[in-house]
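> Mind folding the following:
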Amino acid sequence: MQIIRTILWVLLLAGLILFSVVNWDPTVTVRIWQGLVVDTKIPAIVLVSFAIGFVPMWLVYRASKWQLKRKIASLESAVRTAAATPVVSDTQAETPLRAPMSQPTQSAEPLSQTAPAPEPNPSLSSDDPDGNEPTPRGTLG
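Numbering: from 1, shown residues only. Here you go, the predicted model:
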């Protein structure tokens, strides 16, 4: 990236030098105010115009770059501090260590081997007087 930037600056400088050589002879009269008149060369006007446009934008760029570097440094510092500080959760701090249970407790009543009878499905209607098959409620039959 640095080489591309250098090539662009060299090309800009070469173009400015070529422009200055070609347009050096004619002088231009510039009226700044009513009583203030300046006789100058065209390359000087081009350089001043370039500086008027370039310098403020370059200052904004440098200021934003400086501000972002400060933010990044602050965030990196916060990450380093957070990484160095051990984290203790609330449950670890409040719950004391318990001894593991030796064996599960036995209930006094044995579990029954039979499953309970299924309840009738209320979504089926068997109220049909003609003896047709029951259809689910809510469907057209």
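
> counting contacts, what elements does the helix ranked longest in the chain pack onto?
Longest among the helix segments of the chain by residue count, using DSSP state H, is helix 42-84. Applying 3 or more Cβ pairs under 8 Å, 6 or more residues apart in numbering; DSSP states H and E, one finds that helix 42-84 contacts helix 2-22, strand 27-31. For glycine as for every other residue, the C-beta is placed from the backbone atoms N, C-alpha and C.

> out of these, which comes closest to Ser74?
helix 2-22 (27.6 Å; Cβ to Cβ).

> Which neighbouring elements make contact with that closest one?
Partner elements for helix 2-22 (3+ Cβ pairs under 8 Å, 6+ apart): helix 42-84.

> try 6 Å
Packing contacts for helix 2-22, counted by 3 or more Cβ pairs under 6 Å, 6 or more residues apart in numbering; DSSP states H and E, involve no helix or strand.

> Export only the CA atoms of it, formatted as PDB.
What follows is helix 2-22, C-alpha atoms only, in PDB (Å, rounded to 0.1, in the frame of the first residue of the first chain):
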ATOM      1  CA  GLN A   2       2.900   2.300   0.800                       C
ATOM      2  CA  ILE A   3       4.300   1.900  -2.700                       C
ATOM      3  CA  ILE A   4       1.000   2.800  -4.300                       C
ATOM      4  CA  ARG A   5       0.800   6.000  -2.200                       C
ATOM      5  CA  THR A   6       4.400   6.900  -3.100                       C
ATOM      6  CA  ILE A   7       3.700   6.300  -6.800                       C
ATOM      7  CA  LEU A   8       0.600   8.600  -6.700                       C
ATOM      8  CA  TRP A   9       2.500  11.400  -4.900                       C
ATOM      9  CA  VAL A  10       5.400  11.100  -7.500                       C
ATOM     10  CA  LEU A  11       2.900  11.300 -10.300                       C
ATOM     11  CA  LEU A  12       1.100  14.300  -8.800                       C
ATOM     12  CA  LEU A  13       4.400  16.100  -8.300                       C
ATOM     13  CA  ALA A  14       5.600  15.300 -11.800                       C
ATOM     14  CA  GLY A  15       2.300  16.600 -13.200                       C
ATOM     15  CA  LEU A  16       2.600  19.800 -11.200                       C
ATOM     16  CA  ILE A  17       6.200  20.400 -12.300                       C
ATOM     17  CA  LEU A  18       5.200  19.800 -16.000                       C
ATOM     18  CA  PHE A  19       2.300  22.200 -15.600                       C
ATOM     19  CA  SER A  20       4.500  24.800 -14.000                       C
ATOM     20  CA  VAL A  21       7.100  24.600 -16.700                       C
ATOM     21  CA  VAL A  22       4.600  25.000 -19.500                       C
END
